[in-house]
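A.B. asks: Predicted model, plus sequence, below.
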Amino acid sequence: RRDCSVRAGAAAMLPPFEFAGGLVTEPFAFEKEISSDESLTLSDVRALSSKRRTLCAFRGVASDPQDAEARSAAADEYVPHLEALVARIEQIDVTADRQKRFGFVWNSPLEGLGNTFKLTDINHELGMAWMARAAAKRQEAVVAVDERPRAVVGPARHERDDERLVVIGGSVLETPPPGTTKNSKIGSSPAAPGSGAAASPGFVLGECAPAIATKLRVAAGMYKHCSTTVLPPLKKSLPGERPNELLASMADTMRLVCLAEAQAATARRAEERGAANALLVKLHLGAHDLYARADKCLNDHVSDFNRISRKLQACILLGICTHRARAYRCAAEEAFAASDVGEAVALCDAGAAHLRRGAAAAGESERWRLAMEEETEALVSARGVYAKENEVVYFEKVPEKPAWRVPEGKVIVAEIAYSPG
């Protein structure tokens, strides 16, 4: 076994799916349609309208932590009060005729065409409020990722010392091998803690990775609550034109997307801490499997939807393709370290084929397009190193297909179950 390490095999998590956070609604004055009585005072009704107005005040997608947290807090305040009203709706003075005058206006980012929907059923309003609550929670994680520093993007740099080779560059956010930093040669003294930048472009999650994964797992738990408890009873009462957020199958899809992103954050942190390639392969395949399950959920329930957001479909496909490619890239690094250089080149080629599958989907977002370019550059850079070594030293035949057998993915995240209070 040769003593070398090519750190091009790890990669940063993709920019998360931010568009679900664009779920917004218009104000509605409950006191105009609900009469107060002994069990529901006018102040109660006005308080509900006030909490809804607070939620309505947020427009677009949250782009800073304070905004994201405020939206999440507003949804957390509104939902329990609305649930209390719905539980008493048959006991207070709200006739069927009066309920028809309800008009809750929402958009649907998970449909993705910019349409708005007017809902006249207060139970549908509760379903949308719950989905807004889950979306706001996951947006906290999205913004937290965006707040993390990004490593400098630049051409791959190769540093050689004796027989050890380190590739630095590409879309990976990998910490260099022990005893090295981005700016130090192999064998030289490491930089002081915190003084070095990440070795390659992308988000540097650092110690924030567990908190980001936890927020995504909490959001997944809320989406699960929606898919199993809140939304299923509504299906028969939904109008023909309805927001996708009111469908249990969409909530379950979003649960899986949240878990896939939490798994990606965990894999990213494992890379930063220099985990073995064998483990990174399984973690990336675990993320791939979660995205694949989200894709299957959409396909199995395609008849539920009138339209599905192209960006959501693109995000899922990108997750499938990139994490599969990263697994191959980690396997290539391991093969190269074992002097199986022809196999390493073949593994890079197989990984590149998976990236090509997601090329068109990356065009749905400029952030995704740039991330895919970095991902491809890293793979090309690694393959170039392996191919050059093979041409100069090993002279091995590059097989048409790698002999490597894809192992089973390792999913190490699960949703945090929602519990009232």
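C.D. replies: Everything's here; your move.
A.B. asks: where exactly do the helices run in the stretch 301-421 of the chain?
C.D. replies: Secondary structure of the stretch 301-421 of the chain (DSSP state H, counting those that start in this stretch): helices at 310-337, 341-357, 359-362, 366-389.
A.B. asks: I figured Pro109 hits Ile308, correct?
C.D. replies: No - applying Cβ atoms under 8 Å, one finds Pro109 not in contact with Ile308, separated by 11.3 Å. C-beta: built from backbone N, CA, C; applies to glycine.
A.B. asks: More neighbours: which of these two?
C.D. replies: Pro109 (25 against 18; other Cβ atoms under 10 Å).
A.B. asks: helix/strand/coil for the more buried one?
C.D. replies: coil (DSSP: H, G, I helix; E, B strand; the rest coil).
A.B. asks: how much space between it and Lys296?
C.D. replies: 22 Å (Cβ to Cβ, to the nearest Å).
A.B. asks: Where does the prediction get shaky in the chain?
C.D. replies: 1-13, 36-39, 90-101, 150-204, 421 (pLDDT under 70).
A.B. asks: Out of the helices of the stretch 301-421 of the chain, flag the one nearest Val257.
C.D. replies: Among the helices of the stretch 301-421 of the chain, the nearest to Val257 by Cβ to Cβ is helix 310-337 (6.8 Å).
A.B. asks: what angle sits between the closest one and helix 366-389?
C.D. replies: The directions of helix 310-337 and helix 366-389 differ by 20 degrees, with axes from the mean of the first three to the mean of the last three Cα atoms, to 10 degrees as the criterion.
A.B. asks: Helix 310-337 versus helix 341-357: what angle between them?
C.D. replies: Calculated by the same axes, to 10 degrees, helix 310-337 forms an angle of 180 degrees with helix 341-357.
A.B. asks: Helices of the stretch 1-150 of the chain, start to end?
C.D. replies: 42-56, 65-88, 96-99, 122-147.
A.B. asks: ok so, going back, adding distance to Glu125 and mean neighbour count, write the helices of the stretch 301-421 of the chain out as a markdown table.
C.D. replies: Below are the helices of the stretch 301-421 of the chain laid out as a markdown table (distance: least, Cβ to Cβ, whole Å; neighbours: other Cβ atoms under 10 Å):
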| stretch | distance to Glu125 | mean neighbour count |
| --- | --- | --- |
| helix 310-337 | 23 | 25 |
| helix 341-357 | 40 | 22 |
| helix 359-362 | 33 | 18 |
| helix 366-389 | 32 | 20 |
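A.B. asks: got these as CSV, with distance to Ala134 columns?
C.D. replies: Formatted as CSV, the helices of the stretch 301-421 of the chain follow (distance: least, Cβ to Cβ, whole Å):
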stretch, distance to Ala134
helix 310-337, 14
helix 341-357, 29
helix 359-362, 24
helix 366-389, 22
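A.B. asks: and the gap between the residue most central in space within the chain and Pro407?
C.D. replies: The centroid of the chain falls nearest to Glu261 when counting by Cα atoms, centre = their mean (3.5 Å). Distance, Glu261 to Pro407, using Cβ to Cβ: 22 Å.
A.B. asks: OK, contacts around the closest residue to Pro109 other than its chain neighbours?
C.D. replies: Leaving aside its sequence neighbours, Pro109 sits nearest to Gly22 (Cβ to Cβ, 6 or more residues apart in numbering; 4.4 Å). Counting by Cβ atoms under 8 Å, 6 or more residues apart in numbering, Gly22 touches Gly60, Val61, Asn107, Pro109.
A.B. asks: And those residues, which two are furthest apart?
C.D. replies: Comparing all pairs in the contacts of Gly22 by Cβ to Cβ, the longest separation belongs to Val61 and Asn107, at 11.7 Å.
A.B. asks: Help me confirm that His225 comes into contact with Trp130.
C.D. replies: Yes - if you go by Cβ under 8 Å, His225 and Trp130 touch, sitting 7.2 Å apart.
A.B. asks: Tell me which of the two has more neighbours.
C.D. replies: Trp130 (26 against 21).
A.B. asks: need the contact list for the more buried one.
C.D. replies: Counted by Cβ under 8 Å, 6+ apart, Trp130 has contacts Val79, Met222, His225, Cys226, Val230, Leu231.
A.B. asks: cutoff 6 Å now
C.D. replies: By Cβ atoms under 6 Å, 6 or more residues apart in numbering, the residues touching Trp130 are Cys226, Val230.
A.B. asks: Would you check how far apart it and Met222 are?
C.D. replies: 7 Å.
A.B. asks: Fine, thanks again, bye for now.
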